[in-house]
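Colleague: Based on what follows, work out the 3D shape:
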Amino acid sequence: MPKKFIQRFSPKPETLKNHPHLKHLGQALQNANLWHLNRRTAAGAVAIGLFCAWMPIPFQMLLASILAVIFSVNLPLSVTLVWISNPLTMPPLFYVAYRLGAYLLDRPIVEFHFHLSFHWLAKMFETIAPSLLLGCFILGFISAGLGYFLFRVVWRFKTTKKWLQRPRR
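Modeller: All right, here's what the predicted structure looks like:
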């Protein structure tokens with residue numbers, strides 16, 4: 001895997017541990033697995049990042065970092081993968097999730113026009129939220145599972161390939 005590539009763009013653990021806004025976290029950031037890049041921590045980070053990318057909530061990166069600390073997986077990779085759902089990709093991702101949720105709940109697809117008001121938000125939350133949330137959770141779990149297993153398979157394949165080429169050097 002591109003371990004050196006990922007490590008080149010990841011922040012140094014010492015930088016984050018000494019950051020004035022992160023010092024209050026204390027021992028939570030001292031876990032070596034949060035910064036170590038191996039097959040287990042990277043695959044778990046991929047799963048967390050992909051799952052959190054599907055969540056229709058603000059501060060997805062915060063959720064990904066909390067889950068990375070809880071599950072002791074690579075923190076920078078899990079937070080980075082959340083950006084799969086960015087302002088350009090969120091509308092199609094969440095529309096697909098909404099359609100899936102509406103299909104599974106056997107609800108009609110609600111056509112709506114965006115209006116920036118609390119009344120519109122409350123009304124839309126009542127009508128589309130159950131379908132959207134169900135679709136997001138299902139696609140989040142599927143993406144996390146596929147990402148986890150595919151990442152482990154690719155990592156193992158690349159490692160085995162390097163190992164077999166080693167004696168020839």
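
Colleague: Give me the below-cutoff pLDDT ranges for the protein.
Modeller: In the predicted model of the chain, residues 1-7, 9-14, 16-17, 19-30, 32, 114, 168-169 satisfy pLDDT under 70.

Colleague: show me where it has helices.
Modeller: With DSSP state H as the criterion, the chain has helices at 3-9, 13-17, 39-53, 60-71, 75-81, 90-105, 118-165.

Colleague: gap between stretch 144-160 and the chain center?
Modeller: On the basis of Cα atoms, centre = their mean, to the nearest Å, stretch 144-160 sits 16 Å off its chain's mean C-alpha point.

Colleague: residues of that stretch that come out buried?
Modeller: Residues of stretch 144-160 classed as buried by neighbour count (16 or more other Cβ atoms under 10 Å): 144, 147-148, 151-152, 155. (C-beta placed from N, C-alpha, C; glycine too.)

Colleague: and which of those is nearest residue 126?
Modeller: residue 144 (28.3 Å; Cβ to Cβ).

Colleague: Which one of the helices of the chain lies nearest to residue 31?
Modeller: Among the helices of the chain, helix 60-71 sits nearest to residue 31 (Cβ to Cβ), with 7.3 Å.
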